[in-house]
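Engineer: Everything below, folded, please.
(one chain, ligands or ions: 1)
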Amino acid sequence: MLEKPLTDKELINLAINLCANILGGADGLLVVDASDTSLGKMRVINADGSEAKMCGNGLRTVSRYLSEKYQLDNFKIETMESDLAVSKAEDLYPGVPTFSVEISPISFQKKDLPFSYKNFNEMIDQSIPEFISEQTFSAVAVPNPHLISFVSDINQLELKNLGQKLNDQNDYFPEGVNISFSQILKTNTLFVQTYERGVGFTNACGTGMSAASLIFALLNPDQFDANKDISVYNPGGLVKTHIILNREHKEQSEIRLIGNATFTHEVNVVESNLHNNKLNQLEITETDEETAYQNFVKTISN
Ligand SMILES: N[C@@H](CCC[C@H](N)C(=O)O)C(=O)O
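Structural biologist: Coordinates of the predicted model:
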């Protein structure tokens, strides 16, 4: 806990500097604060300094931090829009601490993304030739905004071009959007690659994989087994999701994201240097947890 909280401006400067110069291209900075309603509160600052409503991977690591600090296995964490239930789960692999987190609230309405396209109120499995012809797109807020497209092969260049187009100033998604291309590998098995708002290509986007799982369940009843978890492969490894689909009231569907909460390094820094964004005197210790996670990755095959 800091003696004096960082101001928003200090946080933005720190996130940009940390992600680019110290963490070798990290996606963002997670801030853990006290909460009046939950065990703790999480804020998410993207690598470019913008603030996101949620981060699924981040929520798992903050869950682990709070779980170890307070010796609790089930609790809630406050996020920008809601207090989310989190719990310790069975380790995915020896030495890979694993947490399960609620991803919520869900909305398909254009005002919550927000998006603007013709007179659409929702965008579900729609052909949008202005994005990419011969693909269909679905938009969902969980509650950060996601655009999902199912493809047979992932074309990285098309994903990058669309990611840049919809995250530069544009009329379709005026606040930008996270974009995921997903392949259905078999029943309850997906591969998801995400171009993240405020970041660019990422190895794994937790809310992106959650959003893709929900849209998958909605659009592919013949390949979705509601009794089982979904395995979601990504360029960085694998997570599981669990979807309780409510077809009639799809916004009342439930999503759990289950995956590793790996602490790769411990960094000690003098508080005044955080306020001044001076990161040249850090004390950094590497853990062996990344090795355990990479050993897990070697065991997974789709
Ligand atoms: N860049 C996203 C927020 C981060 C999402 C994250 N990668 C995740 O794991 O969920 C945004 O601006 O919405």
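Engineer: From the contact counts, what lies against the longest strand along the chain?
Structural biologist: Looking across the chain with DSSP state E, the single longest strand is strand 83-93. Using 3 or more CB pairs under 8 Å, 6 or more residues apart in numbering; DSSP states H and E, the elements in contact with strand 83-93 are helix 56-70, strand 74-78, strand 96-103, strand 254-260, helix 289-299. From N, CA and C alone the C-beta is placed, and that goes for glycine too.
Engineer: okay, the angle between the shortest one and strand 83-93?
Structural biologist: If I follow you right, that is strand 74-78. Strand 74-78 runs at 130 degrees relative to strand 83-93, counting by axes from the mean of the first three to the mean of the last three CA atoms, to 10 degrees.
Engineer: Quick one: mean pLDDT for strand 74-78?
Structural biologist: Averaging pLDDT along strand 74-78 gives 98.
Engineer: need the residues of the chain near the ligand, please.
Structural biologist: Listed as neighbours of the ligand in the chain under the rule CB under 6 Å from any ligand atom: 27, 44, 46, 52, 55-58, 144, 178, 196-199, 202, 205-207.
Engineer: Now, these that are in strands?
Structural biologist: Using DSSP E, the subset of those located in strands is 44, 46, 52, 178, 196, 202.
Engineer: Of those, which is the nearest to the ligand?
Structural biologist: Minimum distance to the ligand across those is 3.4 Å, recorded for residue 52 (CB to the nearest ligand atom).
Engineer: And the closest one, how close does it get to residue 239?
Structural biologist: Note on residue 52: its distance to residue 239, by CB to CB, to the nearest Å, is 18 Å.
Engineer: Same question for residue 295.
Structural biologist: Using CB to CB, we find residue 295 at a distance of 17 Å from residue 239.
Engineer: And residue 105, by the same measure?
Structural biologist: Noted for residue 105: a distance of 20 Å to residue 239, by CB to CB.
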